[in-house]
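K.L.:
Below: sequence and its predicted model.
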Amino acid sequence: MARAPLLQLTDISLTFGGDPVFEDLSLVVHPGDRVALVGRNGSGKSTLMKVMAGLVEADSGARVLAPATSTGYMEQDPDLSGFATLGDYASSDLDFGDAYKVEAAAEGLKLNLGAPVETASGGERRRAALAKLLAEAPELMLLDEPTNHLDIEAIAWLEQELKSTRAGFILISHDRAFLRALTRATLWIDRGAVRRQEKGFDAFEAWRDKTWEDEDMQRHKLNRKIKAEARWAVEGISARRKRNMGRVRALGELRAERAAQITRQGTASMAFEAGPKSGKQVIVADGISKSFGEQQIVKDFSLKVGRGERVAFVGPNGAGKTTLLNMLIGQAEPDTGTVTLGTNLIPAVFDQNRAALNPDDTLWASLTEDTALRVRGQSDYIMVRGTPKHIVGYLKEFLFDEAQARAPVRSLSGGEKARLLLARLMARESNFLILDEPTNDLDIETLDLLQELITDYDGTVLLVSHDRDFLDRVATTTIALEDGRATVYAGGWSDYQAQRGEVAKSEVVTRAKPKAQAKSAETPNAGLSFTEKHRLEALPGEIERLEAEIAKLGEFMSDPNLFTDHPAKFQKATDALVERQAALDAAEEEWMMLEEKAGEG
């Protein structure tokens, strides 16, 4: 039996500033749907979500919401006016007895409900809006970039919450891992049209590429047909006095069809260009420590970063990732220890707060205010990696149109601000990139390009990000900040998780082992055979040996240069670690089984 839809849009058309956003758009959302809403920055994803929520009225078409269906919309810039604290806002539409739901959501999202609205950051406001929505538990949740300003732990918590909900939801996000884990269908906005596939985001890119390939083939066939008909029209005149007006009209229709086709938006023409090579050693940190009052950021931390490494910093919000980063680049002083920077460094910094962008400046002024980019005597040009370029032309490379050049920065979306900051960054030569949350608000295609550029960059990269997929694609070394200490791991996010799990398991076994040995000494072993008794006595020593080997391998693999300089050794050590961990697991299970049998005897 077919399910009655929660929401139905029929023949929706909407125009902003004379340009159509959607034309004759129709879609249906069913109960329990888990849908990824994807598309390029500026394609209309947030606008479509506002139409679904009933916050934006279409020029034509119908929006039908099933009777008694509750919907909740989490917007990127929530209005908290009239509320004293974030908690007041988050619990404003709840019954008194349901306040615990807000508190549970706030704990998972790491939100201080008592924080005053007046001084709350944009990220805190968004988390309050998300906590409010989760506590209200509507039948249909419309989530616009919910992972922005969440750390990895909070993202993992939200992921589990959404996995367990019975509600339907539509999700806009740039976080591939988040989308892959949660979605079972995909809505794709492309040039004013919406396509739907009954597969999750994991299948989106193959679908998109096949759609574009088919489209290009059809365009190629159309062009060939137009050329053939045009040749007939020219050559046929000399052979016949009367022209076949039907074919002439058909040629005109073919040309009109081609003219009506909307060209796909290209990919931003971004490029990092490394300047002169830096010295081989880029950063040498020796025994640095940093605390703020009771909070310890790092203690006695040492690190060497060589030229060409791509080092990622991960950890909860507030753990001190940006503080450690600033100490390593010489922008903050450690309490103890020293940091020595290498020679011939030309840094370029991407700031997560977009502080380099003045919201009152135009895009034009934002580029020309950088004195290093100005071309003397030519106000319409900037110097882009040694070559003069017209400002409008350069902005077009980053997908801005000519009208936006004189628009204020404040009018830009989050993704557009990120692209503008990247445009400033990429205009200059560098050999040392410092990227603090560069992935926020970027669309999937731009993220793909940025990942490729960083991977191919002939310089050194320090990167802070909560995007797990991006970290896996880019990082050669990961520094995790947890509980006042920083630990270095080889590889990206998944490598860090695997190595972290092995270390944690080893610590648990080590703590449990003295008890095991004591129990073994006290147990009479009456239920064991002679061979089993001998095996039980030998296992603690075998477990100790395996633990020692695992520890040595972990220490060997913690060298941040190992993966880059000696990939074969790194792989061999990884295989050995997996082998010994499997042996350790088997030895522990055998010991537990024999202990239980001895106890029964």
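P.N.:
Received, thanks. Numbers count the residues shown, from 1 in each chain.
K.L.:
can you list the domains in this protein?
P.N.:
7-206, 207-260, 493-600 (automatic domain parsing).
K.L.:
buried sites along stretch 27-36?
P.N.:
For stretch 27-36, the buried set under the neighbour-count rule, 16 or more other CB atoms under 10 Å, comprises 27, 29-30, 33-36. From N, CA and C alone the C-beta is placed, and that goes for glycine too.
K.L.:
List of residues touching it?
P.N.:
Applying CB atoms under 8 Å, 6 or more residues apart in numbering, the external contacts of stretch 27-36 come out as 3-9, 52, 139-140, 162, 166-171, 173, 179, 182-187, 194, 196, 200-201, 204.
K.L.:
Show me those residues that map onto strands.
P.N.:
Taking DSSP state E, the ones among these that sit in strands are 7-9, 140, 168-171, 185-187, 194, 196.
K.L.:
which of those are buried?
P.N.:
Neighbour counting by 16+ other CB under 10 Å classes 7-9, 140, 168-171, 185-187, 194 among the ones in strands among the contacts of stretch 27-36 as buried.
K.L.:
Let me know the closest of the residues you listed to Gly318.
P.N.:
Closest to Gly318 out of these is Leu171 (25.9 Å), distances taken as CB to CB.
K.L.:
Name the helix or strand for the residue nearest to the closest one when sequence neighbours are not counted, please.
P.N.:
Nearest non-adjacent residue to Leu171, counting by CB to CB, 6 or more residues apart in numbering: Leu143, 5.0 Å away. Following DSSP states H and E, one finds Leu143 within strand 140-144.
K.L.:
can you pull the alpha-carbon coordinates of that strand into PDB?
P.N.:
Extracted as PDB, the C-alpha positions of strand 140-144 are listed here (Å, rounded to 0.1, in the frame of the first residue of the first chain):
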ATOM      1  CA  LEU A 140       9.600  16.100   9.000                       C
ATOM      2  CA  MET A 141      12.900  17.800   9.800                       C
ATOM      3  CA  LEU A 142      14.500  20.200   7.300                       C
ATOM      4  CA  LEU A 143      18.200  20.600   8.200                       C
ATOM      5  CA  ASP A 144      20.300  23.200   6.500                       C
END
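K.L.:
What strands line up against that strand, and which way round?
P.N.:
Sheet pairing for strand 140-144, assigned by DSSP bridges, gives strand 71-74 (parallel), strand 168-172 (parallel).
K.L.:
could I get these as JSON lines with mean pLDDT and distance to Val339?
P.N.:
Shown next, in JSON lines, are the strands paired with strand 140-144 (pLDDT from 0 to 100; distance: least, CB to CB, whole Å):
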{"stretch": "strand 71-74", "mean pLDDT": "93", "distance to Val339": "41"}
{"stretch": "strand 168-172", "mean pLDDT": "95", "distance to Val339": "40"}
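K.L.:
Which of the buried residues of stretch 27-36 sits closest to Glu333?
P.N.:
For the buried residues of stretch 27-36, the minimum distance to Glu333 (CB to CB) is 44.7 Å, reached by Ala36.
K.L.:
and that closest one, how far is that from Leu171?
P.N.:
Between Ala36 and Leu171 the distance is 6 Å, computed by CB to CB, to the nearest Å.
K.L.:
Find residues that contact each of those two.
P.N.:
Counting by CB under 8 Å, 6+ apart, the common neighbours of Ala36 and Leu171 are 179, 182-183.
K.L.:
Quick check: Pro408 touching Asp360?
P.N.:
Yes. At 6.2 Å, Pro408 counts as touching Asp360 under the criterion of CB atoms under 8 Å.
K.L.:
quick one on the thing from earlier: what does the strand holding Leu143 rub up against?
P.N.:
6-7, 29, 45-46, 49, 52-53, 69-76, 130, 133, 165, 167-173.
K.L.:
Now list the buried members of those residues.
P.N.:
With burial judged by 16+ other CB under 10 Å, the buried subset of the contacts of strand 140-144 is 6-7, 29, 45-46, 49, 52-53, 69, 71-76, 130, 133, 167-173.
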